[in-house]
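Undergrad: just need the structure, nothing else, for what follows:
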Amino acid sequence: MTAVPLGVPRRLVEFTIDGQEARIPEGSTILDACRAAGKDVPTLCQGDTLTPKNACRVCVVEVEGSRTLVPACSRTAEPGMEVRTDTERVRHSRKIVLELLASSVDLSTTPKVAEWIKEYEAKPDRFGPDAARLNEEPKIDNDLYVRDYDKCILCYKCVDACGEQWQNTFAISVSGRGFDARIAVEHDAPLTDSACVYCGNCIEVCPTGALSFKSEFDMRAAGTWDESAQTRTTTVCAYCGVGCNLTLHVQNNEIVKVTSPHDNPVTHGNLCIKGRFGYQHVQNRD
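TA: Have a look, this model is predicted:
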C-alpha cells in the first residue's frame with residue numbers, strides 16, 4: 001500500500017466564479033478553482049508539477065477591480081474575489097493569443113488547440129502567407145528524442161524541468177531575444193555534446209510536441225501513430241530500488257513511449273534515462 005502524505009489542513013477561501021459561489025483551500029489559484037467548478041479554462045504553459053511562468057497568456061480571466069486581465073494559472077484566489085471567465089474581453093484576448101501562436105508555430109500536435117481555435121473563432125490565416133514563422137527543421141541528433149522547435153511556444157517548462165525545479169542539470173536554456181529567442185543547449189551544440197543526461201523530463205512537460213520520443217516522431221512521420229489504439233499500463237520500474245512508477249504506452253503490442261504519473265509521491269512525473277528510455281529489452285522477441 002502506498003502512503004500518501006495528507007499535508008497541513010488549509011482553511012477555505014470563498015469567492016465567486018461567473019456569479020457562482022466557490023470555495024477552495026487557501027493558496028489555490030484561480031485555475032484550480034475553475035477546474036474544481038468544471039470551468040474549461042484553456043492553458044498551455046501551466047504544468048501541474050511546475051511553478052507557473054505566465055508565458056502563454058491563454059488562461060487569462062477578468063477579476064473585478066483589476067485593470068488588466070490576470071493569468072488564472074498563477075493568480076491566487078482571494079476572499080470576496082469576483083472572477084469572470086467567459087466575458088467578451090476574455091474571449092477576445094484568448095482569440096488573439098491563439099491566432100498569434102498558431103500563425104507563427106506548428107500546433108498540429110498540441111492537444112485541444114484545434115478545439116480552442118474553433119471555440120474562440122480564431123483565424124490564424126488572417127495574417128497572410130507573409131506572417132513570420134520559425135520554419136526550423138527537426139533536430140535529430142540522438143536515438144532517444146527529437147527537438148522540433150518549429151512547434152515551440154517558449155513556455156519555458158522544459159527549462160524549468162531541466163533546471164532548478166526538478167533535474168538540476170541546467171542543460172537547456174533560452175538563447176536570443178524577441179522573435180529570435182530559442183530553446184537551446186550551451187553554444188547551440190548537438191544534444192550529444194551537451195550536459196543533457198537524457199532523463200526525458202523535458203519531454204514529459206512539453207505541451208506542444210516540440211520535444212518528443214524518437215519512436216513517436218518516427219511513427220507520426222510514417223502515419224502509424226494512433227493514440228486511440230494505445231493502452232496505458234502503470235507499473236513499477238525494475239532498474240533500482242527507488243520504486244518509480246512508469247506508465248507504458250503500448251500500440252500493436254509494443255511499447256511506444258513511457259511517461260510517469262504526475263500525482264505519484266515518488267516521481268511527480270519525473271524519471272531517469274533508464275526508466276524513461278530503457279524499455280527496449282521488453283520488445284526483444286529473440
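Undergrad: now do the contacts for Leu69.
TA: Shown in contact with Leu69 (Cβ atoms under 8 Å, 6 or more residues apart in numbering): 60-62, 89-90, 93. C-betas here are computed from N, CA, C, even on glycine.
Undergrad: give me the buried entries from these.
TA: Neighbour-count burial (16 or more other Cβ atoms under 10 Å) applied to the contacts of Leu69 gives 60-62, 90, 93.
Undergrad: that older thread, put together a markdown table for the contacts of Leu69, with pLDDT, secondary structure and distance to Met81 on each row.
TA: A markdown table is the format used below for the contacts of Leu69 (pLDDT from 0 to 100; DSSP: H, G, I helix; E, B strand; the rest coil; distance: Cβ to Cβ, whole Å):
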| residue | pLDDT | secondary structure | distance to Met81 |
| --- | --- | --- | --- |
| Val60 | 95 | strand | 15 |
| Val61 | 95 | strand | 10 |
| Glu62 | 95 | strand | 11 |
| Arg89 | 96 | helix | 17 |
| Val90 | 96 | helix | 15 |
| Ser93 | 96 | helix | 19 |
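Undergrad: how about the residues you listed in JSON lines, adding distance to Ala229?
TA: Output for the contacts of Leu69, formatted as JSON lines (distance: Cβ to Cβ, whole Å):
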{"residue": "Val60", "distance to Ala229": "36"}
{"residue": "Val61", "distance to Ala229": "37"}
{"residue": "Glu62", "distance to Ala229": "41"}
{"residue": "Arg89", "distance to Ala229": "42"}
{"residue": "Val90", "distance to Ala229": "37"}
{"residue": "Ser93", "distance to Ala229": "37"}
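Undergrad: name the nearest residue to the most centrally placed residue in the chain, ignoring sequence neighbours.
TA: The residue lying closest to the centre of the chain (Cα atoms, centre = their mean) is Pro207, at 3.3 Å. The shortest distance from Pro207 to any non-neighbouring residue, by Cβ to Cβ, 6 or more residues apart in numbering, is to Leu44 (4.9 Å).
Undergrad: point out where this structure drops to low pLDDT.
TA: 1-8, 285-286 (pLDDT under 70).
Undergrad: can you give me the strands in it?
TA: 12-17, 20-25, 60-63, 70-71, 82-84, 145-147, 172-175, 182-185, 211-213, 231-236, 245-251, 254-259 (DSSP state E).
Undergrad: most tightly packed of the ones you listed?
TA: strand 145-147 (a mean of 25; mean count of other Cβ atoms under 10 Å).
Undergrad: quick one: the residue nearest to the centre of the chain from Cys152, how far?
TA: Here the distance between Pro207 and Cys152 works out to 10 Å (Cβ to Cβ, to the nearest Å).
Undergrad: burial of the residue nearest to Pro207, as a residue count?
TA: Here the count is done by other Cβ atoms under 10 Å, and Leu44 has 25 residues near it.
Undergrad: report the contact partners of it.
TA: Going by Cβ under 8 Å, 6+ apart, Leu44 touches 56, 58, 101, 110, 113, 153, 155, 207-208.
Undergrad: check Gln167 too.
TA: Gln167 touches 161, 197, 199, 201, 270, counting by Cβ under 8 Å, 6+ apart.
Undergrad: just the buried ones out of those, please.
TA: Buried among the contacts of Gln167 by 16+ other Cβ under 10 Å: 161, 199, 201, 270.
Undergrad: could you identify the pair within the residues you listed that is furthest apart?
TA: Ala161 and Cys199 (8.7 Å; Cβ to Cβ).
Undergrad: mutual contacts of these two, please.
TA: Shared contacts of Ala161 and Cys199, defined by Cβ under 8 Å, 6+ apart, are found at 167, 270.
Undergrad: quick one: buried residues of stretch 96-104?
TA: Residues of stretch 96-104 classed as buried: 97-104 (neighbour count, 16+ other Cβ under 10 Å).
Undergrad: tabulate the CA atom coordinates of that stretch in CSV.
TA: The C-alpha trace of stretch 96-104 is given here as CSV (Å, rounded to 0.1, in the frame of the first residue of the first chain):
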residue,chain,number,x,y,z
ILE,A,96,-5.7,36.9,-30.3
VAL,A,97,-3.2,34.8,-28.4
LEU,A,98,-4.3,31.7,-30.2
GLU,A,99,-4.1,33.4,-33.6
LEU,A,100,-0.6,34.7,-32.9
LEU,A,101,0.7,31.4,-31.7
ALA,A,102,-0.9,29.3,-34.5
SER,A,103,0.3,31.7,-37.1
SER,A,104,4.0,31.5,-36.0
